[in-house]
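K.L.:
below is the structure, and that's it, no one-letter string:
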């Protein structure tokens, strides 16, 4: 009774068979995708695809994810983008779907680059359902049949005439099963894949038997079968071709380096054969059964008799190219952080430390009260030379990273004027550089360094980058670079001390801020040498004039020779001794007292430092002409000095005191010009200086005087009258001092030592960082030069784009090494393309194709004979037979075959027969056969009439 009264015992389950199953949901989802892509609409195509459309046209695809229960699939629509328009309309009953029409189309057989289904079936549009990523392959027969039934249901329900395929088995096997439905017709797509070719199907006759048995046509006579055949031969042996690089010359300094070049040039080209394989495809496009014989005993398929030849080359992977290797190794050097002392070893570091101690003790030695040798012998230069001699004496030649012969050759290349007499070279260097400057303006390629912030071609900086790159790659790497840089800096110091200008685009004024910093440093050093030389020449001229003046006014001459040297003079000035600009205290005191006590008689002071009268103007307070004074040139600065100065000025702040101090720091040149102006124009006033220095700040106007006459009067501008104006303050503090007696605005001794110290402290990694723009500049110029020989438009365009990209990368303060690495890889790619083009040109270059070449068979044309000869040579080399260039390829007596066995054979069979019954509609049938050493594939498309069967 308790069980009968339990309400739960009355509940029972009801199975709802109207609920959609997973299979039905999957079929419905496929139909939704087909409708979404508008593949269910039937089109009437005006034209069939043109010849070559599958090769030259572009292919598109669209993809979506679909699920069968928890299993993920990709559904992808592949289609050929065609210009011809499709007209929407109802197709006639006897019109076949486009896919069935494509099965018989002969215009686009064997497309080289397309989806495998396009090559096997000639389709221009199809849909593929494949397992998703990380999903297991569809291997079991039940699952394959379930998917195929889903495809069939989707096509039938939606009315889609686009063929649909399902990828089954492992992905690497590329096995697809599919179906295409039309009004009353259906085509089944099947694939057979084996690892070995069955012996009975290893020829055309056996494949024809398979095709005919599959069709199962009972008509007599059987409709003819159209045949298209392609045999592919592979050539891998290039022994008879020229080397990509010249053989090494063991008598040169390079000592047998492949691709070795002289200093100043970058190597170029591949170290190995750029073309790894040549694929020759011989095609018989239109054959019929009975015309050609191909069985297990005999074959008519001679490649020399094929009407069409096509060649495809495969390039070597990771091709080693010299220019790319040089740049890549130098780029790696930028990331090294070791100093020269750490690289060259402890011994050299101790010697360099001894050198530094010699220099640091130079001041104490120079200031000793009783010098055993003349003062000129105890200069800083003598200390440096003694240390350098000691280094060279203790350094063993065998232990040097760089061989002495190589080092001398590099230094002679960097400083070619060292081979001639120094005295005659002083004028030659300046003339040569001025001539090159004018030539540089004419050539647009030479101005590429402005875009890259590099240095002019053939400049010292440019040459140094090339030499360091070669030394780094071929002569010892990092240690050799450090050794060469050390010797280079010593040579620069020698030139500074002996007043020899540095060769190579470094003369002609201030440092060019458009160039790299290292080039600016070299220019600054040359500026110092030029100033020092000019001062020496002026001193010699002054000494000559002093001898003549001493006879007339001996007192003044004796006063100038007996003045004392200021005790606070720095040791930097001792290298120039009496050549230093100085302040003459005795004369200055006289002139100041005279100016203060007798202002009216100040015009009687002797004028000094005049150049020429200024526009015939006279001084405002006297009738004397206004003269342009001899002034000091402003101090040249490099970009790092400008940045440092800007930071110092910015740290002064915006306060009144900071603003005033900033103005005083920036008015050093103004003060010097005022002192020179006072010395050249005794009795002048500030208004006279402004009339010459800044005419716009002196305002003139016509006024009527007391007598009623119109006169012109002038006064300072409003900004000059502002209280606390820096010009008024500077004028009041300026002394009457000609430029030659002023303190130097540009202390060339100090600046030269700063430059040399900066260079000597550079680490090899930092040096490579500074020279990288020059090396990339040289690489781009080398690519331009090589491309102009081969004339490759795509590479020319890439070089232009690379120059623009380098402009952005190299102008930033901190280089982006990742982007620079990508940029270098682009340069390597361009070098590879040029090397490949050069290799192909060497193998296949012909002057002109002979007339009526199209009438000849492909193998008998000129380029065909070249390819034939390559195969003959490779065959003879493989069989160790002598190569005879005079032997005719077609000689009947030859025993060695001209071509190796084909690496791949592709045979396409197609016909149009009624199926499955003799009274059925005649429909297209197609079988694509692939026969290779490790693969045998049959891809068949067999159509059947679903109305009359």
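P.N.:
Perfect, thanks for sending it. Predicted, not measured: the structure shown is a model, and the values here were computed from it.
K.L.:
so where do the strands sit in the stretch 1-150 of the chain?
P.N.:
Using DSSP state E, counting those that start in this stretch, the strands of the stretch 1-150 of the chain run over 43-44, 59-68, 71-80, 87-88, 125-131.
K.L.:
so for the second one, what's the average pLDDT?
P.N.:
Per-region confidence: strand 59-68 scores 92 on mean pLDDT.
K.L.:
give me the residues contacting that strand.
P.N.:
22-23, 26, 29-30, 33, 37, 72-81, 114-115, 129, 132, 150 (CB atoms under 8 Å, 6 or more residues apart in numbering). Backbone N, C-alpha and C define where each C-beta goes, glycine included.
K.L.:
okay, buried residues for it please.
P.N.:
66, 68 (16 or more other CB atoms under 10 Å).
K.L.:
report the angle between the axes of it and strand 71-80?
P.N.:
Interaxial angle of strand 59-68 relative to strand 71-80 (axes from the mean of the first three to the mean of the last three CA atoms, to 10 degrees): 160 degrees.
K.L.:
from the chain's centre, how far out does strand 59-68 sit?
P.N.:
38 Å (CA atoms, centre = their mean, to the nearest Å).
K.L.:
and if you look at the last one?
P.N.:
In terms of CA atoms, centre = their mean, the gap separating the centre of strand 125-131 from the centre of its chain is 41 Å.
K.L.:
what of the third one?
P.N.:
Average the C-alpha atoms of strand 71-80, do the same for its chain, and the two points are 39 Å apart (CA atoms, centre = their mean).
K.L.:
so what does that strand touch, helix or strand wise?
P.N.:
strand 59-68, strand 125-131 (3 or more CB pairs under 8 Å, 6 or more residues apart in numbering; DSSP states H and E).
K.L.:
so which of these is nearest residue 710?
P.N.:
Residue 710 lies closest to strand 59-68 among the helices and strands packed on strand 71-80, at 88.4 Å (CB to CB).
K.L.:
give the pairing partners of the closest one; include direction for each.
P.N.:
strand 71-80 (antiparallel) (DSSP bridges).
K.L.:
Serialize the strands of the stretch 1-150 of the chain to CSV and add fields for distance to residue 646.
P.N.:
Below are those laid out as CSV (distance: least, CB to CB, whole Å):
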stretch, distance to residue 646
strand 43-44, 71
strand 59-68, 56
strand 71-80, 60
strand 87-88, 71
strand 125-131, 63
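K.L.:
make sure residue 924 is indeed in a strand.
P.N.:
Yes. The assignment for residue 924 by DSSP: H, G, I helix; E, B strand; the rest coil puts it in a strand.
K.L.:
start at 628 instead
P.N.:
Yes, from this point I'll number from 628; that puts the last item at residue 1551.
K.L.:
now do it against residue 1103, distance only.
P.N.:
71 Å (CB to CB, to the nearest Å).
K.L.:
neighbour count winner among those two?
P.N.:
Each of residue 1551 and residue 1103 has its neighbours counted (other CB atoms under 10 Å); residue 1551 has more, 22 against 18.
K.L.:
from residue 1381, how far off is residue 1088?
P.N.:
Per CB to CB, residue 1088 is found 18 Å from residue 1381.
K.L.:
which of those two has more neighbours?
P.N.:
residue 1088 (26 against 18).
K.L.:
for whatever helix or strand that one lives in, packing partners?
P.N.:
Taking DSSP states H and E as the criterion, residue 1088 maps to helix 1087-1101. Applying 3+ CB pairs under 8 Å, 6+ apart, we find helix 1087-1101 packed against helix 949-960, helix 1031-1041, helix 1105-1124, helix 1144-1179, helix 1391-1417.
K.L.:
need the ones you listed in TSV (columns: mean pLDDT, mean neighbour count and distance to residue 847).
P.N.:
As requested, the helices and strands packed on helix 1087-1101 are arranged in TSV below (pLDDT from 0 to 100; neighbours: other CB atoms under 10 Å; distance: least, CB to CB, whole Å):
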stretch	mean pLDDT	mean neighbour count	distance to residue 847
helix 949-960	90	20	68
helix 1031-1041	88	16	88
helix 1105-1124	90	21	85
helix 1144-1179	80	17	90
helix 1391-1417	90	21	62
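K.L.:
looking at those helices, which is closest to residue 1078?
P.N.:
Nearest of those (CB to CB): helix 1391-1417, 8.9 Å.
K.L.:
next structured bit after the closest one?
P.N.:
That would be, after helix 1391-1417 and using DSSP H and E, helix 1420-1437.
K.L.:
please state the offset of that next one from the chain centre?
P.N.:
7 Å.
K.L.:
buried set for the helix or strand following that helix?
P.N.:
Using DSSP H and E, the helix or strand that directly follows helix 1420-1437 along the chain is helix 1444-1471. For helix 1444-1471, a neighbour-count test (16+ other CB under 10 Å) marks 1447, 1450-1451, 1454-1467, 1470 as buried.
K.L.:
so what's the residue count around the closest residue to residue 1462 other than its chain neighbours?
P.N.:
Excluding its sequence neighbours, the residue lying closest to residue 1462 (CB to CB, 6 or more residues apart in numbering) is residue 897, at 4.1 Å. Neighbour count for residue 897, taken as other CB under 10 Å: 26.
K.L.:
what sits against residue 897?
P.N.:
Contact analysis of residue 897 by CB under 8 Å, 6+ apart lists 871, 872, 943, 946, 947, 948, 949, 1459, 1462, 1466.
K.L.:
which one of the helices and strands packed on helix 1087-1101 lies closest to residue 1372?
P.N.:
Short answer: helix 1144-1179, nearest of the helices and strands packed on helix 1087-1101 by CB to CB, at 10.5 Å.
K.L.:
how far off helix 1391-1417 does that closest one point, in degrees?
P.N.:
110 degrees.
K.L.:
next, the angle helix 1105-1124 makes with helix 1144-1179.
P.N.:
For helix 1144-1179 against helix 1105-1124, the angle by the same axes, to 10 degrees is 20 degrees.
K.L.:
mind giving me the packing neighbours of helix 1144-1179?
P.N.:
Using 3+ CB pairs under 8 Å, 6+ apart, helix 1144-1179 sits against helix 1087-1101, helix 1105-1124, helix 1181-1188, helix 1266-1278, helix 1375-1387, helix 1391-1417.
K.L.:
cutoff 6 Å now
P.N.:
Here helix 1144-1179 touches helix 1087-1101, helix 1375-1387, going by 3 or more CB pairs under 6 Å, 6 or more residues apart in numbering; DSSP states H and E.
K.L.:
from those helices, which stretch is densest packed?
P.N.:
helix 1087-1101 (a mean of 24; mean count of other CB atoms under 10 Å).
K.L.:
what about that one, average pLDDT?
P.N.:
What helix 1087-1101 shows for mean pLDDT is 90.
K.L.:
contacts for that helix?
P.N.:
884, 890-891, 953, 956-957, 960, 1037, 1041, 1082, 1107-1108, 1111, 1131, 1145-1146, 1149, 1398, 1401-1402, 1405 (CB atoms under 6 Å, 6 or more residues apart in numbering).
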